[in-house]
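Chemist: Need a 3D model of the sequence below.
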Amino acid sequence: MKNIMKKGMMALSASLLFLAASGTAHAVITAGGSTIHNAATLTFTGGSVTASVNVGVNTIASAPNITVDLTAQSVNGGENATYTYTITNTANGADTLSFTASSADANVNGVPGINVNNTASNTTSLTLGGSITSQANTVANTIVIPAGSEVNFAPGDTINVGGNLYTIDAGGITPGTIASTVGNTTTPETPTTIAVTPVGASPAIAVGGVAAGTQVGEVQTFTVVITASTPTTPGINGTHTVNLTGNTTAVTQGPGGTTVSYTTSAGALNETVTTVLSSNVGLVKEVRNVTQGVTTFAATGVTAQSGDTLEYRLTATELTTTANALSSVMTDEVPVFTTYVPNSTKLNGNPVVDGPLSTLPLTSANGGLSVNSPGAPAGTINAGTSAVVTFQVTVD
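Modeler: Sure, this is the predicted structure:
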């Protein structure tokens, strides 16, 4: 029911049209939370009598306007992508909206973790104030709404007034009083006034600048955190496409009214696509004969005699230009017919502490060695870089 618009200070609210019980379209011009007061008077010879009745106006369900700060992010498997959603109430009154998220996944091992987290109350629902102005404002930077419809508006709240954003001033809400009848005297309603300050590029409100019938909806934000699963194939990125669904508590007009759901759809501006970067690491193992004064490493053709010292070099390179290889652990065993040279292991040229009893740190018994490229966190080989491990043995 609402056009999906990119997050911004000037997001316009669509016209509030609802289907009446008769099946005809009816423009909502009365705020939920307001009270319809009607008094009838009978006069007779020698006196009069007045009877009155109140009717409370309910909120009519309307799908919220949902926008998101980012529509795409790229992360490594196991990392988080955080999206901030802005929700605008488009109903004629206050409504509580509940939110769920689901994903469509490609080239990944399983679904992602999805945490829908309201930044204000740590829940998956929001209660947003809403109203319809009852008359044009007579004071600059104020709006006028029916008494009672200010429920869930509070100082500091951000509200959308006819497509522009404003913050409710401290002490800016002056509650009105609903119409009432005491005896034969009926007192008209005193409307609620709200003083506001423009947000960003929104214009100041001139006297008469907000006409009667203008929709007023509270705006709040919450985050959705996507924890990416691991890619299926090294070097091929995966994706998590997440859609958010908002459900109203209020119902539509007429008998048998139902709640309204708003679900983001494929290609929409508020559908998020998280790319899971797939690392692809190559490993090269080389050796050189230190005793023979050889300075270059080779993968083949190296010879040795008993008592010679050999130095092995293992180079792990992240072959993609985008992904980082995470939780990288290298294992190797001391070759048969050789003895490990204590304290000879280095990572990127820096000494590595030996395992128990001066053993090679890379062995499976020692749990392998966590490796990283220079300057990267432990276990991380950054895209396009290498982790280099060297160690020495002597030929028995």
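
Chemist: How about the contacts made by residue 169?
Modeler: By CB atoms under 8 Å, 6 or more residues apart in numbering, the contact set of residue 169 is 155, 195, 196, 197. Yep, even glycine has a C-beta here, placed from its N, CA and C like the rest.

Chemist: so residue 357 sits in a helix?
Modeler: Yes. Assessed with DSSP: H, G, I helix; E, B strand; the rest coil, residue 357 lies in a helix.

Chemist: Now the buried members of the contacts of residue 169.
Modeler: Neighbour-count burial (16 or more other CB atoms under 10 Å) applied to the contacts of residue 169 gives 195, 196.

Chemist: With secondary structure and distance to residue 320 added, can I get the contacts of residue 169 in CSV?
Modeler: Formatted as CSV, the contacts of residue 169 follow (DSSP: H, G, I helix; E, B strand; the rest coil; distance: CB to CB, whole Å):
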residue, secondary structure, distance to residue 320
155, coil, 51
195, strand, 55
196, strand, 51
197, strand, 49
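
Chemist: Just name the closest of the contacts of residue 169 to residue 331, please.
Modeler: Using CB to CB, residue 155 comes nearest to residue 331 of those, at 61.2 Å.

Chemist: secondary structure element for the residue lying closest to that closest one once chain neighbours are set aside?
Modeler: Excluding the flanking residues, the one nearest residue 155 by CB to CB, 6 or more residues apart in numbering is residue 170, at 4.8 Å. In this structure, residue 170 sits in strand 164-174 according to DSSP states H and E.

Chemist: and that strand, how far from the chain's centre?
Modeler: 26 Å (CA atoms, centre = their mean, to the nearest Å).

Chemist: C-terminal to that strand, what's the next element?
Modeler: Toward the C-terminus from strand 164-174 - assigned by DSSP H and E - lies strand 180-182.

Chemist: residues of whichever helix or strand comes after that next one that come out buried?
Modeler: Counting by DSSP H and E, the next helix or strand C-terminal to strand 180-182 is strand 185-187. Buried residues in strand 185-187, counted by 16+ other CB under 10 Å: residue 186.

Chemist: Any idea how far apart the tips of stretch 281-296 sit?
Modeler: The first residue of stretch 281-296 is 23 Å away from its last residue (CA to CA, to the nearest Å).

Chemist: residues contacting residue 313?
Modeler: Contacts for residue 313 (CB under 8 Å, 6+ apart) come out as 285, 286, 287, 288, 297, 388, 389, 390.

Chemist: next one: residue 283
Modeler: Counting by CB under 8 Å, 6+ apart, residue 283 touches 314, 315, 316, 317, 330.

Chemist: Could you do residue 207 as well?
Modeler: Shown in contact with residue 207 (CB under 8 Å, 6+ apart): 137, 138, 139, 140.

Chemist: Turn the residues you listed into JSON lines, columns for pLDDT.
Modeler: Listed next are the contacts of residue 207 as JSON lines, based on pLDDT from 0 to 100:
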{"residue": "137", "pLDDT": "97"}
{"residue": "138", "pLDDT": "97"}
{"residue": "139", "pLDDT": "97"}
{"residue": "140", "pLDDT": "98"}
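
Chemist: hmm, which two among these are most spread apart?
Modeler: Greatest spatial distance among the contacts of residue 207 (CB to CB): 138 and 140, at 9.1 Å.

Chemist: okay, now the domains of this protein?
Modeler: Per automatic domain parsing, the structural domains of the chain span 17-41+60-179+189-277, 281-395.

Chemist: what about the strands in the stretch 1-150 of the chain?
Modeler: 17-19, 25-27, 35-44, 47-56, 65-68, 72-76, 80-88, 95-106, 113-117, 125-128, 130-132, 142-145 (DSSP state E, counting those that start in this stretch).
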